[in-house]
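Asks: let's see this in three dimensions:
(chains A and B)
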Amino acid sequence: MSFPYLSAIIFLPAIGSIIIAFLGGNRPRLTKYLAALFTLASFILSLVIFAAFDRSAGASGTFQFEEKALWIPPLGAHYHLGMDGLNLPMVVLTAFLGFIVVLISWKENLRIREHFAWLLLLETSILGVFSSLDLLLFFVFWEIELIPMYFIIAVWGTGRRQYSAIKYVIYTLFGSAFILAGILCLYFTTGSLSMVDSSPGGRALITTAIPAAVIFFFLLIGFAVKLPVVPLHTWLPDAHTDAPTAGSVMLAGALIKMGGYGMIRISVGLFPEVARTYAPLLVILAVITVLYGAALTLRQHDLKRMIAYSSVSHMGYVLLGVFALGEMSLTGAVLQMVSHGLLTGLLFAVAGLTIHNVHERDLRKLGGLARQIPIIAVIFFIAGFGSFGVPATSGFIAEYITFIGSFISQVVDGIQVATIVAIGGIILSAVYILWMLQRAFYGPVQEQYNSVKDANTLERFYMFAFVALIMLIGIYPSFLINIIQLGVSPIVRLLGG
Amino acid sequence: MNLQLFIPELTLAIFAIAVILLDLFVQRKGVLAGVSVAGLVISAGFTLTMWGSEPQTIFNNMLAVDSFALFFKLLFTGIAILVILASVDYASKLTHLQGEYYALVLLSVLGMMLMAAATELISIYVALGLTSLSLCALVGFLKDSKSSEAALKYFLLSAMVSAVLLFGMALVFGVTGETQLSKIAQVIQAMPLTNITDNPALVLGVVLLIVGFGFKIAAVPFHMWVPDVYEGAPTPITAYLSVGSKAAGFAVILRIFSSAFGLPEWLSLNWGMLFAVLAAISMTLGNVVALPQTNIKRMLGYSSIAQAGYLMVGLATVGILPTTDVLGQSSILFFLASYTVTNLGAFIAIIAISNKTNSDLIQDFSGMIRRAPGLTLALTLCLVSLIGMPPAAGFMAKFYIFSAGVHSGLLWLVIIAVLNSVISAYYYLRVVKVMWFGEPTSTEKVFSSGALRFSLFITSIGILLLGILPGLVMKLTEAASKMLAFLP
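Replies: From the prediction side, this is the model:
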């Protein structure tokens, strides 16, 4: 058997986490280096499989780097991992962010060992969600993620952190309760826990006592909480705002993508017929999410809360792209998830840095910072411009493909109108981001911020890494789009579109 | 008759007497705990050697020696070993009568083993009596007002429930003329269906049996004793009650209902639905009332009512699925195993912490992470398992039992159950929150004895093992359940 790349990528951070947890004594430097080492190793391995991934057309619909072993015989559950065009970008993104958040946390000095142990465990669980091809395994990773995130928000967060942490957990558990019910129904209507070996027309075609639509909505509710979709989004602003910077980056960058990924892989992939039937409803929800999220963002004064609400709006694009059900729109949705992961990750990183250095997060009190911290300001501008889709950034190409793809999709009636309305979201995001940048960085220079430090070398390093990736995807997107299309095309064939 | 098959029980009886006698001569009372554990280990060893052999009956078909009974015997001895290890620290509060304490634990295990093995109404009743009486004495062992009140409450209610059970058994006997479970089944199956549906005596008998055993497993509405008794009893005994007594109750219910009342379908569907309704009420009430509790033992008392509710999803499945399908039985056994390690672990950690703080109030667990990191971590794992989150055992147990529920078409019940798990997360996590984020009330470290740490280590490993690699135990529970289905 060949080297188990995927298991290594997933479990390296967990091993690091265990080593750190039992390190003993107070050795902050060693802890940080160990954390960086294990996450970097995982990231490098993810790059290796990204490079070795077979991009030929024949690879469409197959899984690469597959690992399969019987896990729980009485339930027929398998330890089944595999990569296709859908999850490979998400795994690389998560591994990248996993490494970066260790660097972001370098200044952390409260309960250091615990902090890095939870952070690494969190990375393992997210990587596991994206790599699993067995529903039970998927769900196990999906749930494991809650505990580390709970502690990260509740211990190292700010503001009403304990309230936000428990709210996050209860919301997600509520969603996962429905996912669990959905998985159980699926298990007993098809007798299998596999996420992929579907019959030609999709597994839901098997007639059962439990209507496929019921199972579809059980699963969808769980994913919709995570994504989030209005009206299930209210945990997100609290959790993102009160989490420490590393937690916000992980949450916004990788964690909420689990929802979008689940929708594509499970909701659409296993229930193409049901997805077609209910797509108009979900497209309307997507438009509401885009516009409502954007409208809420306009009313925020807190730097991080603003970015958090903008995430809600931007995840609406993903929902639109997914349930427009066209090949191009689905590709756009995946690309948007990657792009948003990088852009919002960077926005939270740089916002966290600003707050850390300036000790102020209220936009009404900030101003004129562009002169005092020029590097942070420039990075903030790039990330902000990317997120409302200025060309040459990943945001532009992702939003462009999503909207064009939705507009030309033949599958859903009235999608054109919905797309045009949703494009209004871009205008709104230009408004709130420019306004935010203006309030924070322009205007009269304020004396009390004269001594504020700009980014140090390490911070510049990780911020430039973000910018480089954002630009790379913006300028040469096809290296990613080719891969995503390989993963999307089998699902599109199921839809018959 | 083959007395060899009765050796595990005989061993326990002999050791129970030996412990009482030793108590007269031995000065260091720690020896008594060692002797009791040795007796349990030997008994478990004998039980293990019988695993896999053909099912047999002894004492004129009064007791069965099959893998179903053996599974429970192993479970009960395991529980008792952990309870005794956890009692070693606690025994300092029992300045006298330590011998009796351990002897009573052994006797109650004997009673539970007989309950799991009994295939005949009278022996079930006698085994139940032995268990209840020993437990009553143990509950009152602290001799303070709360403990005595708890013991009296438990005793009076046990006595009343015994009467109810006896009445139920008498009715069943009156209709069928048999006390053997397998013969009862034969008589019932030979009756024309109208004789069963039109016969209130049989139905009343079945209902009264459900009432009686519902008390044992702490199902709503027969749960009133639980919070008071759990709060008043010595904590190791609370742990023992919450897992041992409950498991024994489920063993008897499974035995009676799947072998005597498994057919005809009309009967089994009806008691299945009755359990489904009880399950829904138990978990909802247990979880909702657990929310405002401030005493951790009381909270876990209500939580155990809720867990009984999840377990009854399995019982409902047993009634609704055809008798050839043992998914319901198997999932109940697995859930019991997982619940046992989880709840015992939680109580052991609580014993260790309250030994130091002398308080069972949740607020006094504040900041425990800095005073006892190991204990806090273990207790957190147990609570996560009780919520039913992976990678802990509780998740796999719930997945297994709920999958049985969906399989038998009880989707509505499973939805109620998963939503209940969300409610329960709130109060379990409240304890986690207090322990991890609260300010410690003192800086003094909490140390615990080796025996306690060892038993906590065992339960933690058990929780992770059942959560990550549940396949092995699931095979055991499947094998044990098949025995039940093969009984005529």
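Asks: drop to CA atoms for contacts and neighbour counts, all remaining ones
Replies: Noted.
Asks: quick check: residues of the stretch 51-200 of chain A near chain B?
Replies: A:71-74, A:140-141, A:143-144, A:154-155, A:166, A:170, A:173-174, A:177-178, A:180-181, A:184-185, A:187-188 (Cα under 8 Å from any Cα of the partner chain).
Asks: filter those down to the buried ones and hand me the ChimeraX line.
Replies: Remark: buried members of those, expressed as a ChimeraX selection using 16 or more other Cα atoms under 10 Å in any protein chain shown:
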select /A:71,72,74,140,141,143,144,154,155,166,170,173,174,177,178,180,181,184,185,187,188
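Asks: so which of the residues of the stretch 51-200 of chain A next to chain B belong to helices?
Replies: Applying DSSP state H to these, the entries found in helices are A:140-141, A:143-144, A:154-155, A:166, A:170, A:173-174, A:177-178, A:180-181, A:184-185, A:187-188.
Asks: residues of stretch B:19-26 that come out buried?
Replies: So stretch B:19-26, judged by 16+ other Cα under 10 Å, has buried residues B:19-20, B:23.
Asks: surely A:Leu88 meets A:Ala52?
Replies: No: taking contacts as Cα atoms under 8 Å, A:Leu88 lies outside contact range of A:Ala52: 11.3 Å.
Asks: neighbour-wise, which of those two wins?
Replies: The neighbour comparison of A:Leu88 against A:Ala52 (other Cα atoms under 10 Å in any protein chain shown) goes to A:Leu88, with 24 against 11.
Asks: list the contacts for the more buried one?
Replies: By Cα atoms under 8 Å, 6 or more residues apart in numbering or on different chains, A:Leu88 lies in contact with A:Phe50.
Asks: which element is it on?
Replies: Using DSSP states H and E, the element containing A:Leu88 is helix A:87-104.
Asks: export that helix as CSV, just CAs?
Replies: Extracted in CSV, the C-alpha atoms of helix A:87-104 (Å, rounded to 0.1, in the frame of the first residue of the first chain):
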residue,chain,number,x,y,z
ASN,A,87,-12.4,18.6,-1.4
LEU,A,88,-8.8,18.9,-2.5
PRO,A,89,-8.9,22.8,-2.6
MET,A,90,-10.6,22.8,0.8
VAL,A,91,-8.0,20.5,2.3
VAL,A,92,-5.1,22.6,1.0
LEU,A,93,-6.9,25.8,2.2
THR,A,94,-7.4,24.3,5.7
ALA,A,95,-3.9,23.1,6.0
PHE,A,96,-2.6,26.5,4.9
LEU,A,97,-4.8,28.3,7.4
GLY,A,98,-3.9,25.8,10.1
PHE,A,99,-0.2,26.7,9.7
ILE,A,100,-0.9,30.4,9.5
VAL,A,101,-3.0,30.5,12.6
VAL,A,102,-0.1,29.1,14.6
LEU,A,103,2.0,32.1,13.4
ILE,A,104,-0.9,34.4,14.1
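Asks: give the next helix or strand downstream of it.
Replies: Taking DSSP H and E, what comes next after helix A:87-104 is helix A:112-131.
Asks: against which helices or strands is that next one packed?
Replies: Packing partners of helix A:112-131 (3 or more Cα pairs under 8 Å, 6 or more residues apart in numbering or on different chains; DSSP states H and E): helix A:5-21, helix A:28-52, strand A:77-83, helix A:87-104, helix A:135-144, helix A:146-156, helix A:257-262.
Asks: can we see that at 7 Å?
Replies: Where contact means 3 or more Cα pairs under 7 Å, 6 or more residues apart in numbering or on different chains; DSSP states H and E, helix A:112-131 is packed against helix A:5-21, helix A:28-52, strand A:77-83, helix A:87-104, helix A:135-144, helix A:146-156.
Asks: show the contacting residues for the closest residue to chain A within chain B.
Replies: Of all residues in chain B, B:Gly471 sits closest to chain A, at 4.5 Å by Cα to the nearest Cα. Neighbouring residues of B:Gly471 by Cα atoms under 7 Å, 6 or more residues apart in numbering or on different chains: A:72-74.
Asks: 10 Å instead?
Replies: Counting by Cα atoms under 10 Å, 6 or more residues apart in numbering or on different chains, B:Gly471 touches A:70-77, B:396, B:465, B:477.
Asks: cool, B:Ser123 as well?
Replies: Neighbour list for B:Ser123: B:62-63, B:114-115, B:117, B:129, B:179-180 [criterion: Cα under 10 Å, 6+ apart].
Asks: is chain A within reach of the helix or strand containing B:Ala86?
Replies: Here B:Ala86 sits within helix B:67-90, counting by DSSP H and E. No: residues of helix B:67-90 contacting chain A under Cα under 10 Å from any Cα of the partner chain: none, with a closest distance of 17.7 Å.
Asks: distance between the next helix or strand after that helix and the chain's centre?
Replies: Downstream of helix B:67-90, the first helix or strand assigned by DSSP H and E is helix B:98-117. The chain centre lies 14 Å from the centre of helix B:98-117; the measure is Cα atoms, centre = their mean, to the nearest Å.
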